[in-house]
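Visitor: no sequence on this one, just coordinates:
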């Protein structure tokens, strides 16, 4: 029964997510943290960090990690399958429709609206994760701001945005610096 619950949770998320894996992040968070209560936002933030280090599409990796945590290897398979079914069906149907109607002006308007929706979903998730990471005490106040995490964020943003360092190396570097900061200085 748990395997079906895991699979249908990801079918539901994937049926509602438009704009790629990053736009699905808040939907997954809502489903696994708020609705199913399979993990906390802190655990979900950890999962997203691991997702970024793992090769492959973020939604598939996320589904696999969540399924593994909830129901072991069969859960990982069920969640991954649930994550793949809706996009496969939608892509097939959309390809047929787009080939036939791509010249219709309303199609461009609909695509623009979907881009706006995706941006709103990603922005919402970034804000929620940022609050959880930068204010680990749960109180958004200057006194509870994790300065070290803020510095890591700003440096990582600059390095990635300016193409100074490969994003994988930035992720690994942030992890090493955070671990060193924690072990050596207690922050």
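Guide: All right, it came through fine. All of these numbers come straight from a predicted model, not from anything done at the bench.
Visitor: contacts for stretch 180-187?
Guide: Residues from elsewhere that reach stretch 180-187, judged by CB atoms under 8 Å, 6 or more residues apart in numbering: 146, 147, 148. Yep, even glycine has a C-beta here, placed from its N, CA and C like the rest.
Visitor: Then stretch 3-10?
Guide: The contact list for stretch 3-10 (CB under 8 Å, 6+ apart) reads 31-32, 35-36, 63, 66-67, 70-71, 74-75, 78-83.
Visitor: Now stretch 2-17: buried residues?
Guide: If you call a residue buried by 16 or more other CB atoms under 10 Å, then stretch 2-17 has these buried ones: 3, 6, 7, 9, 10, 11, 13, 14, 17.
Visitor: Skip the chain neighbours and tell me the closest residue to residue 29.
Guide: residue 44 (5.5 Å; CB to CB, 6 or more residues apart in numbering).
Visitor: secondary structure class for the one you found?
Guide: Here residue 44 is helix, with the state taken from DSSP: H, G, I helix; E, B strand; the rest coil.
Visitor: Quick one, grab the pLDDT at it.
Guide: Per-residue pLDDT puts residue 44 at 90.
Visitor: Now the residue nearest the centre of the chain. Its backbone dihedrals?
Guide: Geometric centre of the chain, nearest residue: residue 25, 3.6 Å, by CA atoms, centre = their mean. Note on residue 25: its backbone torsions stand at phi -50, psi -50 [degrees, to the nearest 10].
Visitor: how close does it get to residue 47?
Guide: For residue 25, the distance to residue 47 (CB to CB, to the nearest Å) stands at 10 Å.
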